[in-house]
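>>> After the sequence you'll find the predicted model.
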Amino acid sequence: MKQLLIFLFFFLSFFGMAQHQDKVDFIRGEVTIDPIPKEKRIEASVIYSFDILQDVDSVFLDAKNMDFNKVLLDNKKIEFINTEKTIVIRKKFEKGKSYKLALDYLSEPKQTLYFLGWEDAIEGNEQIWTQGQGKYTSYWLPSFDAMEEKVEFDLTINIPKDLAVIANGKYVSGVSTTAGNLERQWVYDMQKPMSSYLLAFAIGNYRKQELTSKSGIPIKNYYYPKDSLQVEPTYRYTKEIFDFLESEIGVPYPWQNYKQIPVRDFLYAGMENTTATIFSDGYVIDSTSFVDKNYVNVNAHELAHQWFGNLVTEKNGNHHWLHEGFATYYAYLAEREIFGDDHFYWKLYRSLEQLQSTADRGAGQSLLNPKASSLTFYEKGAWALFMLRTQIGDTAFKKGIRNYLEKYSFKNVTVSNFLQEMEKASSSDLSGFKGEWLENTGLPYKSAKKILIEKSSSLALLNTMDGDFEKAQGDAIDYVDYWNRSTSVHLKKYILEKHFNVLPDEILDKAFASDTPMIRQTLALKVDSIPTSRKTQYESLLKGRSYITLESALFKLWASFPEDRKEYLNATKDIVGLPNKNVKLLWLTLAILTNDYEAINTQRFFAQLSSYTAPHYSWEIRMGAFQYLSEIGFNDQSLKSLIEATTHHSWQFKKYARNLIDELLKDSDYKNRIENSSKELNQAHLRYINTKLGKE
């Protein structure tokens, strides 16, 4: 009977919670955070101001696994229920009244708030950062998993003085809080409300580049002190992107300022926290890397979210297209502004082909499916907007977007809200569009491709070439004619990718003579074994303006011409490559495997390659090192690093490490070594390996 009463109490409480968001309006949250980095926890407090819109008998906040030291309602102690998922205040709250709820608490978040570099001895490597997308801010702050509760959050963070704190809103003050001046208080003020998942901060060793948009908005781009020479290529076109989006969207940027902060081992490419985008420092690049992996698209995508997602926010996951499809589409438009029409239409074409391939496998999804894939929400979502704009015209489209954003500013929206505004702006019925692009699990491939062919001369030529190829039924077609008839780099790249093994020498010679990195990169990637007749041409790729080109050319030249291996290694020994050290990791592996190449240094090369598996390197560097070591062998230290990696916070890296451990455990010698190595690690790193060794 007692258990039944407890169940009924919680059932009624949570039923009330689900209903109370239209009855209680949380206005402001004043948050103070004291990180304790070496213990990976925080001591914190928050004061919420809220209004009662209708009588209710409880209010609640989402709060995962927190210990509350003090709970005050209007400065008076009040009883509360801590379920480890929520904190509930049961009291009769009267309509029309305002209240203040103050919470002091301790939190040791298992996710969402990450502490990096505090366990090693490397100066300046310490970071703390958040990633709350979805409903995860409640792991470090009592807040609101539902996107519909929008609050003006202000943040105060206390941290050692030699580290910078970047957070939502405007930095308004900073004071020393100890007599020894060892700690500094950073205060950030937001002036507009936002959903809790957009609350964020990053702490680390940073400098900043300061820009100002055409409309006067301050833009601050952060970087590590060692990366001062990489600021320009990393943030290239930032002001142009900002100015373009303000103009194209037609609604002024809605926040006080804009900041971009790179962090190590981020879970995604970037996250559009209000005014403070956090992104992977794998995009912090030099000018050569710009060809291979630049930040432009991510930069534009996350900035577009400041309108689509932050200013207007989906009601729930059924309307996720209103975030990701829109950010993807406007990022494509920004790239078009920078790189031109041909780039834009070919990007749409490759996206369309990927979507059609998925649909052909029976894996197509509706844009209204809350569990749809990223491919659906991002790429099909962008295509839906491209086709909507084609259908109703530029003027009506831009008017509808403007009206939609202005009407629903700082509110939550549904797909129907958006379509209603577009119908009003275009004076048209969009039910057909909704059925074809939003509800349909398939793809209107033919009509979409037809639009591209009409708008892009190079895609029209591709369509003709593909038609001729089908008619030829295996016979040669005149590739040279198609190559010469277009100046499109994208078409030429496609010809090389699709038909490399049957192309005449004339085209390959033209491709090698090109100074276009994209063309030369394709030559390096497509060849399997380099013929002697093209040895000199492929050697020229070692001096190219692309680290991916150099990496591929180095490996294939090394494999194809054993007699010249030392020469190739000498020519590339000082090159590091992309942020993931792609060239350096390959070089070390090849140097180890090359007979008589600096034999006195072979052990040093192996030690250096193994050292890149250490936790203070990014997971992308570590994964690259693990991949090569899986071919040539692990030392004990790299095995320990691999075991540690099985509990890493990045799901991609964790999955890779676990799969590799599983393979190594099939070898009895490795199994013994792994078991011995695991004895020297702490329990936090042994959760996975203990299950594999039957210890749990």
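Yep, it's here.

>>> drop to CA atoms for contacts and neighbour counts, all remaining ones
Fine.

>>> Name the surrounding residues that touch the host helix or strand of Ser458.
In the assignment (DSSP states H and E), Ser458 maps to helix 457-472. Under the contact criterion C-alpha atoms under 8 Å, 6 or more residues apart in numbering, helix 457-472 has outside partners 342, 345-346, 452-454, 476-477, 482, 486, 488, 491.

>>> So which of those is surrounded by the most neighbours?
Neighbour counts for these (other C-alpha atoms under 10 Å) peak at Tyr345, which has 21 neighbours.

>>> For the helix or strand encompassing Gln652, buried residues please.
Secondary structure from DSSP H and E places Gln652 in helix 651-664. Using 16 or more other C-alpha atoms under 10 Å as the test for burial, helix 651-664 gives 653-654, 656-658, 660-661, 664.

>>> How about stretch 57-66?
Neighbour count says stretch 57-66 has 58-66 buried, by 16+ other C-alpha under 10 Å.

>>> And the contacts of it?
13, 16-17, 20, 24, 84-93, 105-109, 138-145.

>>> swap the cut-off to 6 Å and go again
For stretch 57-66, contacts defined as C-alpha atoms under 6 Å, 6 or more residues apart in numbering pick out 84-93, 106-107, 138-139, 142-144.

>>> ok, and what's touching stretch 109-126?
Residues from elsewhere that reach stretch 109-126 (C-alpha under 6 Å, 6+ apart): 38, 127-132, 139-140, 204-205.

>>> Format those residues as TSV; extra columns: secondary structure and neighbour count.
Shown next, in TSV, are the contacts of stretch 109-126 (DSSP: H, G, I helix; E, B strand; the rest coil; neighbours: other C-alpha atoms under 10 Å):
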residue	secondary structure	neighbour count
Lys38	helix	11
Gln127	strand	20
Ile128	strand	20
Trp129	strand	23
Thr130	strand	26
Gln131	coil	26
Gly132	coil	21
Tyr139	helix	22
Trp140	coil	27
Gly204	strand	24
Asn205	coil	18
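
>>> and those, which two are the farthest apart?
Using C-alpha to C-alpha, the pair of the contacts of stretch 109-126 lying farthest apart is Tyr139 and Asn205, separated by 24.6 Å.

>>> Can you report phi and psi for His649?
Per-residue torsions, His649: phi -70, psi -20 (degrees, to the nearest 10).

>>> And for Asp243?
Per degrees, to the nearest 10, the backbone of Asp243 is at phi -60, psi -40.

>>> Now for it: which residues touch it?
Counting by C-alpha under 6 Å, 6+ apart, there are no residues that Asp243 touches.

>>> Recalculate using a threshold of 8 Å.
213-215.

>>> Just the buried ones from those residues, in PyMOL syntax?
One line in PyMOL is enough to select the buried members of the contacts of Asp243, burial here meaning 16+ other C-alpha under 10 Å:
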select buried, resi 213
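
>>> export the contacts of Asp243 to CSV and tack on secondary structure?
Below are those laid out as CSV (DSSP: H, G, I helix; E, B strand; the rest coil):
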residue, secondary structure
Ser213, coil
Lys214, coil
Ser215, coil
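
>>> Export the contacts of Asp243 to CSV and append columns for distance to Gln521 and pLDDT.
Output for the contacts of Asp243, formatted as CSV (distance: C-alpha to C-alpha, whole Å; pLDDT from 0 to 100):
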residue, distance to Gln521, pLDDT
Ser213, 35, 98
Lys214, 37, 98
Ser215, 39, 98
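
>>> if we take the contacts of Asp243, which one ends up nearest to Ser560?
Ser213 (51.6 Å).

>>> Can you read off the backbone torsions of the closest one?
phi -70, psi 170.

>>> ok, it touching Thr238?
No - between Ser213 and Thr238 there is no contact under C-alpha atoms under 8 Å: 9.2 Å.

>>> and the least confident of the contacts of helix 457-472?
Ranked by pLDDT, the contacts of helix 457-472 bottom out at Ala476 (78).

>>> Now do the same for Ala476: helix, strand or coil?
Following three-state DSSP, we place Ala476 in the coil state.

>>> ditto for Thr274
What three-state DSSP gives for Thr274 is coil.

>>> Correct me if wrong: it contacts Asn310.
Yes - counting by C-alpha under 8 Å, Thr274 does reach Asn310; the two are 6.3 Å apart.

>>> just for the protein, where's the confidence low?
In the predicted model of the chain, residues 1-21, 176-182, 474, 696 satisfy pLDDT under 70.

>>> let's go with 80 and repeat that
For the chain, the stretches with pLDDT under 80 are 1-21, 121, 134, 174-183, 473-476, 684, 694-696.

>>> tell me, what residue is most central in it?
Ala269 (2.1 Å; C-alpha atoms, centre = their mean).

>>> Surely that residue is in contact with Ser280?
Yes - the criterion here is C-alpha under 8 Å, and Ala269 meets it with Ser280 at 5.4 Å.

>>> Mind listing the shared neighbours of the two?
In contact with both Ala269 and Ser280: no residue, using C-alpha under 8 Å, 6+ apart.

>>> who touches both of Thr274 and Asn310?
Going by C-alpha under 8 Å, 6+ apart, residues that sit against Thr274 and also against Asn310 are 194, 198.

>>> more crowded one of those two?
Thr274 (32 against 27).

>>> So what does the more buried one have for phi and psi?
phi -60, psi 120.

>>> so how far is Lys170 from it?
11 Å (C-alpha to C-alpha, to the nearest Å).

>>> Check Glu248 too.
25 Å.

>>> again with Arg41
25 Å.

>>> quick one: the strands in the stretch 551-696 of the chain?
Applying DSSP state E, counting those that start in this stretch to the stretch 551-696 of the chain gives no strands.

>>> now swap in the stretch 151-300 of the chain and tell me
Using DSSP E, counting those that start in this stretch, strands in the stretch 151-300 of the chain cover 164-167, 170-176, 183-189, 194-195, 201-204, 207-212, 218-223, 258-263, 270-271, 276-280.

>>> would you say Gly134 is within a helix?
No - Gly134 sits outside any helix when classified using three-state DSSP, being coil.

>>> Now do the contacts for it.
Per C-alpha under 8 Å, 6+ apart, neighbours of Gly134: 145, 197.

>>> again, but for Phe344
Counted by C-alpha under 8 Å, 6+ apart, Phe344 has contacts 332-333, 335-336.

>>> Helix, strand or coil: sort out it for me.
Relying on three-state DSSP, one would call Phe344 helix.

>>> that older thread, quickly note the distance from the residue nearest to the centre of the chain to Asp281.
On the measure of C-alpha to C-alpha, Ala269 and Asp281 end up 9 Å apart.
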